[in-house]
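**Student:** build me a structure from this.
(one chain, ligands or ions: 1)
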Amino acid sequence: MDLSPLQKARYEYSPKLPGMLRGGISEIGVQVGEPTESVADQEQIKALFPNTYGKNEITFTKGANTSAAKKQVVGVILSGGQAPGGHNVICGLYDALKATDKNNVLLGFKGGPSGLIDNDYIEFDDAYIDAYRNTGGFDIIGSGRTKLETEEQFQIVTEVAKKHGLTAIVIIGGDDSNTNAAVLAEYMAAHNTGVQVIGCPKTIDGDLKNEDIEASFGFDTATKTYSELIGNIERDANSAKKYWHFIKVMGRSASHVALECALETQPNVCLIGEEVAAKKMSLAEITNYIADSVEKRGNNGENFGVAIIPEGIVEFVPEFSKLIAEINELLAGSKTEAFNALPDWDAKYEFIRKGLSAESFAVFDILPEFVQHQLFLERDPHGNVQVSLIESEQLFSEMVKNELEKRKAAGTYKGKFGSQHHFFGYEGRCAFPSNFDADYCYSLGYNAFMLIQYGCNGYLSKVSNIARPAEEWVAGGMPITKMMNIERRNGKDKPVIRKALVELDGAPFRYFVAHRDEWAVKTAFTYPGAIQYFGPAEVCDRPTMTLALEKGLD
Ligand code: FBP
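**Tutor:** Numbers count the residues shown, from 1 in each chain. Now for the predicted structure:
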């Protein structure tokens, strides 16, 4: 395989471990902390996890390694969307496992959780692992979105584990995958399989965090990649002075990615889904909010700007969610066929007008025609609207354009409006991990093995104090049940890890609110530039602004 110069250089990079994991395996001692309680619904969670609930927090220390000697055969899977640093979790896991005993074995199950079910695996060796050190992507074994959650799947996993003599399974995934890791850990304990299950917190969306997990890995690199691109676009906008750029950024639901990019690049507008929901903003209100910035800047002679739109925005707009629910109802079952049989869009439009409530039809009616078509014509196999396909960056730019025409006619807006559209998502999910993610991920993997070695089951690998230099990071583990509560999912009460949305009283959002009015009118862009891997620590090892603000460092 031909290597790029950066890839070669990154092979040589030695990820930084937390101080207590440095100095060799024999010097990693353990401190057992207090027993834990789930964040809410304690009685219900305890009843559902009788074997794994209430376990103690674990912190590693510098000291004698007191774990029992035992041959370890560990299986690992990557679950869900790619996130930079996943390879380093596996490298850290492998290095700790082999440093403990070179006869230990690490198996990588391919293509996500389904690899465990299908017993599709490889055994890692040095040469294989070395080819992936400090690189982006999940191609080391691939990933997938199959959910491991049914009794039948757990039975198959137990059989596969028995076949290989697995002593532990490491699941690298987001909130859902780690919820399922906790259920699998309970199953393994209840059936006396002797198989331990450990999770690692992954997702570029940044929504797997809580009082124990300070950040999910991949968020740092992905947001730095998008911020570089947004900064470049801002410079272009400020050079050409002729376009408004509407930039959608990934984040299936929570707006952490959009917020972090806004803190890094100071655009004129950034929508935050959680605020839209809290204020119950309508599409027209959001449109006016953006149009106000365009109008003020245009009237100052600045006919350009940048607006960041989070991927999940439309689901946070209450009137839009209601419209989607009504459309799904309107076309449920065989009604889709009747709709499809109508001769043309005029007939379909009439059908829609009669079928929707007056309130929802009014929302439908202000949507640009391409979105109206998209809502009715591109549907998933169950006949539901595919909200994720809605091009919200185009939706809002079109609505803003229409609004500005009205303002022009009324004589309040004197500028010119031209727009460009972008969607940044896949560009960032497999980037070479930043030093932060390379270090954090390697530490999470190394630490996951220490949790296995010390006999833990149903724990999430936890590395904290991560806004500080790596030497000061604290390695340990937290029972996953501590992070769980009961939520209603698909009509049933389920124990789940609570998804972390943007907190409107949190420091990152408050910082944004304190500055956004100024950014909306002035050209206050900042240009973060490309991720730097070699150079001064303040440039190369800088945490996200979200983390720095949450930890009171900025
Ligand atoms: P995870 O939560 O699994 O980490 O994935 C997040 C994400 O990257 C979202 O930002 C995005 O909406 C989604 O995955 C895209 O999924 P897919 O890769 O299946 O297109």
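
**Student:** next secondary structure after the helix or strand where residue 117 lies?
**Tutor:** Per DSSP states H and E, residue 117 falls inside helix 113-118. Later in the chain than helix 113-118, the nearest helix or strand by DSSP H and E is strand 121-123.

**Student:** so which other helices or strands are in contact with that next one?
**Tutor:** strand 105-109 (3 or more Cβ pairs under 8 Å, 6 or more residues apart in numbering; DSSP states H and E). Quick note: C-beta positions are derived from backbone N, CA and C, even for glycine.

**Student:** kindly format the C-alpha coordinates of the strand it packs on as CSV.
**Tutor:** These are the backbone C-alpha positions of strand 105-109, laid out as CSV (Å, rounded to 0.1, in the frame of the first residue of the first chain):
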residue,chain,number,x,y,z
VAL,A,105,-5.5,-12.8,22.0
LEU,A,106,-7.5,-9.9,20.5
LEU,A,107,-10.2,-10.8,17.9
GLY,A,108,-11.8,-8.1,15.8
PHE,A,109,-15.4,-9.0,14.8
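
**Student:** which bits of the chain sit near the ligand?
**Tutor:** 80, 81, 83, 174, 203, 204, 205, 250, 251, 252, 311, 429 (Cβ under 6 Å from any ligand atom).

**Student:** for residue 357, phi and psi?
**Tutor:** The phi and psi values for residue 357, taken as degrees, to the nearest 10, are phi -70, psi 160.

**Student:** correct me, but it touches residue 326?
**Tutor:** Yes: taking contacts as Cβ atoms under 8 Å, residue 357 lies within contact range of residue 326: 6.4 Å.

**Student:** quick one on the thing from earlier: from the chain's centroid, how far away is the helix holding residue 117?
**Tutor:** 23 Å (Cα atoms, centre = their mean, to the nearest Å).

**Student:** what do you get for stretch 24-38?
**Tutor:** 28 Å.

**Student:** that older thread, can you list the residues of the chain next to the ligand in CSV and add secondary structure?
**Tutor:** Putting the residues of the chain next to the ligand into CSV (DSSP: H, G, I helix; E, B strand; the rest coil) gives the following:
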residue, secondary structure
80, coil
81, coil
83, coil
174, coil
203, coil
204, coil
205, coil
250, coil
251, coil
252, coil
311, coil
429, helix
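
**Student:** highest neighbour count among the residues you listed?
**Tutor:** Neighbour counts for those were taken using other Cβ atoms under 10 Å; the highest belongs to residue 83, with 34 neighbours.

**Student:** before we move on, the earlier item: more neighbours: residue 357 and residue 326, which one.
**Tutor:** residue 326 (19 against 11).

**Student:** did I read that right, residue 172 in a helix?
**Tutor:** No: the assignment for residue 172, made by three-state DSSP, is strand rather than a helix.

**Student:** look up phi and psi at the closest residue to it other than its chain neighbours.
**Tutor:** Leaving aside its chain neighbours, residue 172 sits nearest to residue 200 (4.5 Å; criterion: Cβ to Cβ, 6 or more residues apart in numbering). Dihedral pair for residue 200: phi -130, psi 130, per degrees, to the nearest 10.

**Student:** what average pLDDT does stretch 318-333 get?
**Tutor:** Averaging pLDDT along stretch 318-333 gives 89.

**Student:** what sits against residue 368?
**Tutor:** 394, 395, 398, 399, 402 (Cβ atoms under 8 Å, 6 or more residues apart in numbering).

**Student:** at 10 Å what do you get?
**Tutor:** Residue 368 makes contact with 374, 391, 394, 395, 396, 397, 398, 399, 401, 402 under the criterion Cβ atoms under 10 Å, 6 or more residues apart in numbering.

**Student:** residue 73 touches residue 97, doesn't it?
**Tutor:** Yes: counting by Cβ atoms under 10 Å, residue 73 touches residue 97, with 9.4 Å between them.

**Student:** give me the common contacts of the two.
**Tutor:** With Cβ under 10 Å, 6+ apart as the test, residue 73 and residue 97 both reach 104, 105, 106, 168.

**Student:** considering those, which possesses the most neighbours?
**Tutor:** Busiest of these [other Cβ under 10 Å] is residue 168, holding 26 neighbours.

**Student:** tell me the buried residues in stretch 461-476?
**Tutor:** By neighbour count on 16 or more other Cβ atoms under 10 Å, the buried set for stretch 461-476 is 461, 462, 463, 464, 466, 467, 470, 473, 474, 475, 476.

**Student:** the closest residue to the ligand within the stretch 251-400 of the chain: what's it in contact with?
**Tutor:** With Cβ to the nearest ligand atom, the shortest gap between the stretch 251-400 of the chain and the ligand falls at residue 252, namely 3.5 Å. Taking Cβ under 10 Å, 6+ apart, we find residue 252 in contact with 81, 174, 203-205, 207, 310-312, 315, 388, 425, 499.

**Student:** before we move on, the earlier item: more neighbours: residue 73 and residue 97, which one.
**Tutor:** Taking other Cβ under 10 Å, residue 73 and residue 97 do not tie; residue 97 has more neighbours (27 against 18).

**Student:** would you mark the buried spots in the strand or helix carrying that one?
**Tutor:** Applying DSSP H and E as the criterion places residue 97 in helix 86-100. By 16+ other Cβ under 10 Å, the buried positions in helix 86-100 come out as 86-98, 100.

**Student:** nearest to the ligand, out of those: which one, please.
**Tutor:** residue 86 (10.0 Å).

**Student:** quick check: that closest one vs residue 5, distance?
**Tutor:** Separation of residue 86 from residue 5 (Cβ to Cβ, to the nearest Å) stands at 23 Å.

**Student:** what does residue 497 give?
**Tutor:** From residue 497 to residue 5 the distance is 40 Å (Cβ to Cβ).

**Student:** so these two - more neighbours on which side?
**Tutor:** residue 497 (29 against 7).

**Student:** make JSON lines out of the residues of the chain next to the ligand and add pLDDT.
**Tutor:** Below are the residues of the chain next to the ligand laid out as JSON lines (pLDDT from 0 to 100):
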{"residue": "80", "pLDDT": "95"}
{"residue": "81", "pLDDT": "96"}
{"residue": "83", "pLDDT": "98"}
{"residue": "174", "pLDDT": "96"}
{"residue": "203", "pLDDT": "98"}
{"residue": "204", "pLDDT": "98"}
{"residue": "205", "pLDDT": "97"}
{"residue": "250", "pLDDT": "95"}
{"residue": "251", "pLDDT": "94"}
{"residue": "252", "pLDDT": "89"}
{"residue": "311", "pLDDT": "94"}
{"residue": "429", "pLDDT": "97"}
